[in-house]
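J.: here you go, sequence then predicted model.
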Amino acid sequence: MCNLHTEGTKYGCGHYVITRKVSKIDCNNPYCALSRAHRNPCHGCMHDHYYGPDASETITARTSEFCDECHAYWKVGAGRGRGRIPSVLLHHRIVVFLFAVLNSLLLIAAFDTSDALLHMLAHV
């Protein structure tokens, strides 16, 4: 499955929205319709017609606003009037923060292999 290098906007709701597709990484798989290796023409093609996860996401802008989909739901649609960040998004932010902290600790452990630090990380 082919992947993209993208640029986009990071919204206050946590979503990343692509504003520009910078380049494509070709998987060279004949069963991927987006690849150069795919047969053309491929009559009645049932092969993959979608990209895999972005190879890189470069944030070119940040905003505290919600993306269009979240704005439509939380400001106009079914979530209207709740007046707070939805608990799912709040939990998502907490998980992302904790993952970043754990990742930092693991990077420290890779450079400092003292027994005390490794023992501390093993009990996190």
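T.: That came through fine.
J.: pull out the buried positions in stretch 34-42.
T.: Using 16 or more other C-beta atoms under 10 Å as the test for burial, stretch 34-42 gives 34-35, 38. No exception for glycine: its C-beta is placed from N, CA and C like everyone else's.
J.: how about A37, secondary structure?
T.: Put simply, A37 is coil when judged by DSSP: H, G, I helix; E, B strand; the rest coil.
J.: which ones are touching it?
T.: A37 makes contact with 26-30 under the criterion C-beta atoms under 8 Å, 6 or more residues apart in numbering.
J.: pLDDT for those - can I get that in TSV?
T.: Output for the contacts of A37, formatted as TSV (pLDDT from 0 to 100):
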residue	pLDDT
D26	95
C27	95
N28	95
N29	93
P30	91
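J.: which pair in the residues you listed has the greatest spatial separation?
T.: With C-beta to C-beta as the measure, no two of these lie farther apart than D26 and P30, at 11.6 Å.
J.: ok, now how distant is D48 from L102?
T.: 33 Å (C-beta to C-beta, to the nearest Å).
J.: thanks a lot, see you next time.
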